[in-house]
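Participant: Provide a 3D model corresponding to the input given below.
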Amino acid sequence: MKTFDLQRPATVEEAAGLLPSDRADRSAVLLAGGQDLLGELKDDLVAPERVVSLSGVPGLDALTWRDDGSLAIGALVTLADLEEEPRVRAELAVLAEAAGQVGSPQIRAAGTVGGNLNQRPRCWYYRDPDSVCLKKGGTHCFAQLGLNKYNAIFGGGPTYIVHPSDLAPALVALGATVELVGPSGARTMPLERYYLLPEQDGITRETVRLPGEVMTQVVVPAQEAGLRSTYLKFRERSSYDWALSAVAAGIRTEGGVVTSARLVLGGVAPTPWRCPSTEALLVGRPLDADTIRDAARDAVRGAQPLSQNGYKVPLTQGLVTRALSALA
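Facilitator: Residues are numbered from 1 along each chain as shown. Below is the predicted model of the structure:
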């Protein structure tokens, strides 16, 4: 690991000013909880001259319920604090369950919301310092024809990473927005639009965050009464592992009929993968066995598995079935 200067700015604006203005310049990087950055430093994937810690910026660790019923989550709120907040557990079960399935208790105590949403891919070609893959400026995505057991079945090409965040699918299912502060001021956008597919200029980056921008908070809007939600994740190990597939689901019913639905997949695409056709299929129908069967089939329609990850199709279909059954 290369030595670096550690900077602790006192404001978001000061932090933004310490970051490079050129996307290709990796001389300075942001530090939130450090769980992902430490791995990149140890694997020589980044070698910054300066690490900009956000720990000294007041307010970024605040978890605030607003008068309108929305929830503002600071970028430095820990996963443990999010998981354990009583009102989150009662009203936003999908979010509490997603936070509770990240890594281990030790990781959740240190890892932050901002860090989880912005972590880099786990593809072993990307993480291998000796593999100059397409995401690191090479000419080929080695996973396309190589070892691709963990790679994408939706939205792939020309790279086939999967987005590793557990929180992102849950927050997209809740319609969350994200706030960014940078040299040009602050901007807010739906979290769903924050992430880039590889074909959307997302080959070497995963988000629309501009050089010098800092994620400051995520806002979950007030939810309509009657929301039932859940997050299911399948992984090879029972703890401390990333999703092979995951499902974030939110359902409202009235008179036994679904009135609104949100369904977002994780671990199967370069972004949180929303299923709008499945959501439309659910609305207006009772959440019975026939509807759940049809929805599970629809959720995996269009999947394009690679040579070693075809198992993700029935796995995802099964998770959608389980999630919707739990909400019925």
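Participant: C-alpha from now on. contacts and neighbour counts both.
Facilitator: Will do.
Participant: neighbours of Pro129, just the number please.
Facilitator: Pro129: 16 surrounding residues under other C-alpha atoms under 10 Å.
Participant: could you pull up phi and psi at it?
Facilitator: phi -60, psi -20 (degrees, to the nearest 10).
Participant: who are the contact partners of it?
Facilitator: Going by C-alpha atoms under 8 Å, 6 or more residues apart in numbering, Pro129 touches 43-45.
Participant: now the buried members of those.
Facilitator: 44-45 (16 or more other C-alpha atoms under 10 Å).
Participant: export the contacts of Pro129 to CSV and tack on pLDDT, secondary structure and distance to Pro121?
Facilitator: Formatted as CSV, these follow (pLDDT from 0 to 100; DSSP: H, G, I helix; E, B strand; the rest coil; distance: C-alpha to C-alpha, whole Å):
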residue, pLDDT, secondary structure, distance to Pro121
Asp43, 85, coil, 13
Asp44, 86, coil, 15
Leu45, 88, coil, 12
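Participant: which residues in the stretch 51-200 of the chain form strands?
Facilitator: 63-65, 71-74, 177-182, 185-190 (DSSP state E, counting those that start in this stretch).
Participant: ok, back up a step: nearest to Ala168, of the contacts of Pro129?
Facilitator: Leu45 (23.5 Å; C-alpha to C-alpha).
Participant: my guess is that closest one contacts Trp124. True?
Facilitator: No. Here Leu45 lies out of contact with Trp124, judged by C-alpha atoms under 8 Å, at a distance of 11.9 Å.
Participant: quick one: which of the strands of the stretch 51-200 of the chain is nearest Glu224?
Facilitator: strand 71-74 (13.5 Å).
Participant: partner strands of that closest one and their direction?
Facilitator: strand 63-65 (antiparallel), strand 214-220 (antiparallel) (DSSP bridges).
Participant: now these as JSON lines including mean neighbour count, mean pLDDT and distance to Gln200?
Facilitator: Shown next, in JSON lines, are the strands paired with strand 71-74 (neighbours: other C-alpha atoms under 10 Å; pLDDT from 0 to 100; distance: least, C-alpha to C-alpha, whole Å):
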{"stretch": "strand 63-65", "mean neighbour count": "17", "mean pLDDT": "98", "distance to Gln200": "32"}
{"stretch": "strand 214-220", "mean neighbour count": "23", "mean pLDDT": "98", "distance to Gln200": "21"}
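Participant: where exactly do the strands run in the stretch 201-328 of the chain?
Facilitator: 214-220, 228-234, 245-254, 257-266, 273-274.
Participant: distance to Leu117 for those strands - can I get that in TSV?
Facilitator: Formatted as TSV, the strands of the stretch 201-328 of the chain follow (distance: least, C-alpha to C-alpha, whole Å):
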stretch	distance to Leu117
strand 214-220	10
strand 228-234	16
strand 245-254	15
strand 257-266	12
strand 273-274	14
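Participant: so which of these is nearest Pro190?
Facilitator: strand 214-220 (9.3 Å).
Participant: what's the spacing between that closest one and its chain's center?
Facilitator: 13 Å (C-alpha atoms, centre = their mean, to the nearest Å).
Participant: most distant residue from the middle of the chain?
Facilitator: Gly255 (33.5 Å; C-alpha atoms, centre = their mean).
Participant: that one and Gly59, how far apart?
Facilitator: Distance from Gly255 to Gly59, counting by C-alpha to C-alpha, to the nearest Å: 43 Å.
Participant: next one: phi and psi at Asp61?
Facilitator: According to degrees, to the nearest 10, Asp61 has phi -100, psi 20.
Participant: can you give me the helices for the stretch 51-200 of the chain?
Facilitator: 79-84, 86-91, 93-100, 105-110, 113-117, 124-127, 142-145, 167-173, 191-194 (DSSP state H, counting those that start in this stretch).
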